[in-house]
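In: Sequence and computational prediction follow.
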Amino acid sequence: MFYVPAILIGRLVRTAVRLVRPGGGSALPGLVLSKIAPGLLAKTLSKFPEGLLVVTGSAGKSTTTKMLVAIARAHGKVVFTNPSTANIAQGFFSSIIERSTLGAKISGDVAILEMDEGHAAEITKRIKPRQVTVLNVLDDQLDRFIDPALVRDKLAAVSERATEALVLNADDQNVLLINKKVHNPKTSWFGIENQIIAATEHGLGNAPTYLSELPRPQVDTEIQEHGSAATKARVGAVEVSFDLPNRGIHFALDAAAALESARRYLGSSFDAKLAAVTLAELPPVFARGEVTQVNGVDVEFILVQNPMSFQLNLDNLPKDQEQVMVAIGRDVHDPSWLWTVDMKHMPAVDIVTGFNYAEIALRLAYDEIAIGEIIPDLDVALEKFFSLPAPKSGRRTVIFSADAMRRTRRALGFVDPEAVER
């Protein structure tokens, strides 16, 4: 009964926020609930009979988690997850407000959550995960993660708390160092065949360790073919193929991580063929290669959150882009990382906008990328961009940071994170 008033207050805050800002209310209610009932999160997550599965790392968390959740559900599991990709503590509290009874109970077999690499170390102090999947360590925004070694240490702390399975990326030297530190006898590995990585311009973009290279371990799930045709993988002893909803080998890596994570979690009930069919039918996570219509015209939304996510998405941008808007928002506190991105694949940009419009405009101008118009106000820019005549060929594209993404989706009325089609 202790948590009933706390849940009620959280729901009242959520309702009030959504009256003022439709589609909002995902952060503040959780923040309020975390202050008045801080023990609620650990209590709720500890009640799932099959435990907590954590997906963490610098990039790919949302896509990997969505894939893993879909595979688990296809196998008949009832899953509690965070589909809004709110992957810090207050986001999890908000998910509890959405899904729990007044007594803070959530029905389900298992909780599968993506966790921010900075917050996961704190959260898992209070609730030990059954399984941890670590995707990668990338160079990130310097104002938040001073050095990749800091991220590596946080992920190692999370990995040490896995009570059963630890699922790791065999193609990231940082992750191999985590394994060396943790020494979990139940570790298994996912990865991509070296020839596929070598054929790309920037590989997987993992942060350098500046240490002697560790040997690649034997991989349990591996992407063996990836390109214009179907992606092929070996999952344990089973070979499968499937089409991915996104471009680029970084999304193939997410698929490998999800397949191996599902194999470890489901054990003898895991069906690799069913998992492959599930991936083939799965839409992308919102704003991660999401294609929808605005004013009757197809538009693709591409989220960029750090140097390598920007780089890999640019490297895989179709060559026939006709209309492009770039919006860099308030979340980019340290715009210096924009200068580490090779912009040679960036087409002409019709509109530059967002809180950091000046910084991205300067970056583009330095590489002599044509800019049609600079519009500081995001709402004005959106109205102008989506009123342009429909492109004659190719696709309309919006490239944005997380803050600009949230504001854009809200302005366009895309408030349901799961309303994404393939």
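Out: Nice, thanks for sending it over.
In: Is the most centrally placed residue in the chain in a helix, a strand, or coil?
Out: The geometric centre of the chain, computed from its C-alpha atoms, lies nearest to residue 62 (CA atoms, centre = their mean), at 2.8 Å. In three-state terms, and counting by DSSP: H, G, I helix; E, B strand; the rest coil, residue 62 is helix.
In: Per-residue pLDDT of it, please?
Out: Looking at residue 62, its pLDDT is 92.
In: Is it in contact with residue 114, as I believe?
Out: Yes: in this structure, residue 62 is within contact of residue 114 by CB atoms under 8 Å, at 5.8 Å. Using the backbone N, CA and C atoms, a C-beta is placed for each residue, glycine as well.
In: Next, count neighbours for residue 199.
Out: Applying other CB atoms under 10 Å, we find 12 residues neighbouring residue 199.
In: And it, how far from residue 246?
Out: For residue 199, the distance to residue 246 (CB to CB, to the nearest Å) stands at 18 Å.
In: try residue 287
Out: 11 Å.
In: Mind checking which of these two has more residues around it?
Out: Between residue 287 and residue 246, counted using other CB under 10 Å, the more crowded position is residue 287 (23 against 19).
In: do you know how far the more buried one is from residue 248?
Out: Applying CB to CB to residue 287 and residue 248 gives a distance of 15 Å.
In: quick one: stretch 242-254 to chain centroid distance?
Out: How far stretch 242-254 lies from its chain's middle: 13 Å, per CA atoms, centre = their mean, to the nearest Å.
In: Can you give me the buried ones in it?
Out: 242, 244, 245, 246, 247, 248, 249, 250, 251, 252, 253, 254 (16 or more other CB atoms under 10 Å).
In: Check stretch 225-234 too.
Out: Neighbour counts using 16+ other CB under 10 Å place 226, 231, 232, 233, 234 of stretch 225-234 among the buried residues.
In: for it, how far is the first residue from the last?
Out: End-to-end distance for stretch 225-234, by CA to CA, to the nearest Å: 10 Å.
In: and if you look at stretch 353-373?
Out: Its first and final residues considered, stretch 353-373 spans 9 Å by CA to CA.
In: Can you spell out the domain ranges of the chain, please?
Out: Domain assignment for the chain by automatic domain parsing gives 4-281, 288-412.
In: Show me how far the longest one is from its chain's centre.
Out: Just to be clear, that refers to domain 4-281. Taking mean C-alpha positions (CA atoms, centre = their mean), domain 4-281 and its chain are 8 Å apart.
In: The shortest one too?
Out: Per CA atoms, centre = their mean, the displacement of domain 288-412 from the mean C-alpha position of its chain is 18 Å.
In: need the helices for the stretch 1-150 of the chain, in chain order.
Out: 4-20, 28-36, 40-45, 61-74, 89-99, 120-126, 148-160 (DSSP state H, counting those that start in this stretch).
In: Need the winner for burial among the ones you listed.
Out: helix 61-74 (a mean of 25; mean count of other CB atoms under 10 Å).
In: Can I get it in CSV, CA atoms only?
Out: C-alpha atoms of helix 61-74 as CSV (Å, rounded to 0.1, in the frame of the first residue of the first chain):
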residue,chain,number,x,y,z
LYS,A,61,20.9,-0.1,-27.4
SER,A,62,17.4,0.8,-28.7
THR,A,63,17.5,-1.3,-31.8
THR,A,64,19.1,-4.3,-30.1
THR,A,65,16.5,-4.1,-27.2
LYS,A,66,13.6,-3.9,-29.7
MET,A,67,14.9,-6.9,-31.6
LEU,A,68,15.4,-8.9,-28.4
VAL,A,69,12.0,-8.1,-27.0
ALA,A,70,10.3,-9.0,-30.3
ILE,A,71,12.1,-12.4,-30.4
ALA,A,72,11.2,-13.1,-26.7
ARG,A,73,7.6,-12.3,-27.4
ALA,A,74,7.6,-14.5,-30.5
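In: Counting by contacts, list what that helix packs against.
Out: Counting contacts by 3 or more CB pairs under 8 Å, 6 or more residues apart in numbering; DSSP states H and E, helix 61-74 packs against strand 52-56, strand 79-80, strand 110-114, helix 249-266, helix 272-281.
In: These: which one's closest to residue 302?
Out: Within those, the stretch nearest residue 302 is helix 249-266; the backing value is 12.0 Å (CB to CB).
In: Quick one: mean pLDDT over the closest one.
Out: What helix 249-266 shows for mean pLDDT is 97.
In: now do stretch 335-352
Out: Averaging pLDDT along stretch 335-352 gives 95.
In: From residue 236, how far off is residue 185?
Out: Distance from residue 185 to residue 236, counting by CB to CB: 18 Å.
In: between the two, who's got more neighbours?
Out: Taking other CB under 10 Å, residue 185 and residue 236 do not tie; residue 236 has more neighbours (13 against 5).
In: Please list all residues in contact with the more buried one.
Out: By CB atoms under 8 Å, 6 or more residues apart in numbering, residue 236 lies in contact with 220, 221, 263, 272.
In: now those residues in a markdown table, with neighbour count?
Out: Shown next, in a markdown table, are these (neighbours: other CB atoms under 10 Å):
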| residue | neighbour count |
| --- | --- |
| 220 | 21 |
| 221 | 27 |
| 263 | 23 |
| 272 | 20 |
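In: Pipe these into TSV and attach distance to residue 346 per row.
Out: What follows is those, written out as TSV (distance: CB to CB, whole Å):
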residue	distance to residue 346
220	37
221	34
263	38
272	38
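In: now residue 377: how far from residue 414?
Out: When residue 377 is compared with residue 414 (using CB to CB), they lie 20 Å apart.
In: out of these two, which sits in the busier spot?
Out: Per other CB under 10 Å, whichever of residue 377 and residue 414 has more neighbours is residue 414, with 18 against 12.
In: before we move on, which element is the more buried one in?
Out: Using DSSP states H and E, residue 414 falls within no helix or strand.
In: Would you agree it is in contact with residue 299?
Out: No: Residue 414 lies out of contact with residue 299 (CB under 8 Å); the separation is 10.7 Å.
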